[in-house]
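Undergrad: coords please:
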Amino acid sequence: MMGKVVFLDVDGTLCDYDGVIPESAKQAIGQARRNGHKVYICTGRSRAEVYQEIWDIGLDGMIGGNGSYVEDRGSVVYHKKLSEAEEREVVDWLNSRGLEFYVECNSGLYASKNFETAGEETMKKYVSGKGQADVSNVTVRSSFPEMIFGASPYRDDANKISFILGSYQDFLDARDRFSDLKAGTWGGKDEQALFGDLGVKDIDKAHAIDVLLEHLDAKREDTIAFGDAKVDIPMFEYCGTSVCVGNGGDEAKKAADIVAPAVDDDGLFSAFQELGLI
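TA: Below you'll find the predicted structure:
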């Protein structure tokens with residue numbers, strides 16, 4: 001029997017919003033791989049944000065930047081970056097509007113001059129919206145340990161750029177100004193728009209999965225996608241089976257074939273059992 005190819009969103013699916021991966025999820029992934037299935041994370045995070053503790057679970061590879069980067073068993077399969085000119089244009093526009101931002105690269109996250117101070121309140125809102133009761137100790141550095149401060153924001157290796165929204169109009173203006181790029185929002189409870197982001201157009205998790213399947217010579221019907229948010233819907237629609245964890249958003253739940261228990265309630269383990277992966 002052909003093994004399945006499993007794709008796991010990270011934040012809110014593999015781990016909770018404190019970054020904790022349940023032991024049951026680690027066990028499920030290990031057993032599934034021993035049973036002959038392949039497991040990849042499929043995340044908005046760039047390579048620098050995938051910490052060693054995630055790799056230590058045992059993974060076959062990753063899709064990062066919401067589809068801009070594909071890695072299989074340590075080898076880069078695909079990497080679509082912003083051009084140097086595009087990146088500079090976005091940075092200059094954000095600076096002209098007084099919007100703080102960070103440039104997401106596989107080598108690290110490069111913060112704008114005042115992001116550390118401007119971003120603290122936003123990160124408290126983000127963490128609070130995801131269910132953490134005590135946000136008093138939340139800082140930009142605790143939220144982004146891989147963030148680099150004081151370096152030039154002009155990069156030639158940018159996957160995408162996230163920026164703090166002063167208002168939703170900032171996102172609308174960014175989308176209009178950079179119509180040749182992919183504009184999105186992300187944030188707190190019920191996907192409240194706290195950040196905007198700009199990245200390569202016509203890139204999403206589904207496209208990256210298609211690229212990886214061709215590399216693996218694997219079939220679409222043998223894929224299973226796990227997620228919790230609207231950004232996961234393209235991969236839900238592409239993959240043979242889709243699972244939304246119970247803490248996910250309403251749109252993601254409606255788009256999924258299966259709604260599993262929440263990440264903190266052993267949702268991955270339960271779904272892996274239901275689908276016969278373990």
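Undergrad: mind listing what K205 touches?
TA: By C-beta atoms under 8 Å, 6 or more residues apart in numbering, the residues touching K205 are F7, C42, I63, N66, G67, A225, V231, D232, P234, M235, Y238. Every residue, glycine included, has its C-beta placed from N, CA and C.
Undergrad: Which strand or helix spans the residue nearest to it when sequence neighbours are not counted?
TA: Distance criterion C-beta to C-beta, 6 or more residues apart in numbering; nearest residue to K205, sequence neighbours excluded, is M235 at 4.0 Å. Applying DSSP states H and E as the criterion places M235 in helix 233-238.
Undergrad: Quick check: which helices or strands does that helix pack against?
TA: helix 205-216, strand 223-227, strand 241-244, helix 250-255 (3 or more C-beta pairs under 8 Å, 6 or more residues apart in numbering; DSSP states H and E).
Undergrad: what's the most buried one of the ones you listed?
TA: strand 223-227 (a mean of 28; mean count of other C-beta atoms under 10 Å).
Undergrad: Export that strand to PDB, keeping only CA atoms.
TA: Coordinates of each C-alpha in strand 223-227 appear next as PDB, following Å, rounded to 0.1, in the frame of the first residue of the first chain:
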ATOM      1  CA  THR A 223      -2.200  13.600   0.600                       C
ATOM      2  CA  ILE A 224      -3.700  14.700   3.900                       C
ATOM      3  CA  ALA A 225      -3.600  18.400   5.000                       C
ATOM      4  CA  PHE A 226      -4.000  19.600   8.600                       C
ATOM      5  CA  GLY A 227      -4.600  23.200   9.500                       C
END
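Undergrad: Now for the residue nearest to K205, how many residues are close by?
TA: Burial of M235 is recorded as 27 neighbouring residues (other C-beta atoms under 10 Å).
Undergrad: Distance to E146 added to the helices and strands packed on helix 233-238, as JSON lines?
TA: Formatted as JSON lines, the helices and strands packed on helix 233-238 follow (distance: least, C-beta to C-beta, whole Å):
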{"stretch": "helix 205-216", "distance to E146": "21"}
{"stretch": "strand 223-227", "distance to E146": "23"}
{"stretch": "strand 241-244", "distance to E146": "28"}
{"stretch": "helix 250-255", "distance to E146": "27"}
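Undergrad: In JSON lines, list those along with mean pLDDT and distance to D170.
TA: Listed next are the helices and strands packed on helix 233-238 as JSON lines, based on pLDDT from 0 to 100; distance: least, C-beta to C-beta, whole Å:
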{"stretch": "helix 205-216", "mean pLDDT": "96", "distance to D170": "25"}
{"stretch": "strand 223-227", "mean pLDDT": "98", "distance to D170": "26"}
{"stretch": "strand 241-244", "mean pLDDT": "98", "distance to D170": "29"}
{"stretch": "helix 250-255", "mean pLDDT": "95", "distance to D170": "23"}
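Undergrad: So which of the ones you listed is nearest P153?
TA: helix 205-216 (25.6 Å; C-beta to C-beta).
Undergrad: Break this structure down into its domains, please.
TA: As given by automatic domain parsing, the domain ranges for the chain are 5-80+203-274, 84-200.
Undergrad: which of the ones you listed sits most buried?
TA: Using mean count of other C-beta under 10 Å, domain 5-80+203-274 ranks as the most buried of those, with a mean of 20.
Undergrad: Tell me how far that domain lies from the chain's centre.
TA: Here domain 5-80+203-274 shows a centroid-to-chain-centroid distance of 10 Å under the convention C-alpha atoms, centre = their mean, to the nearest Å.
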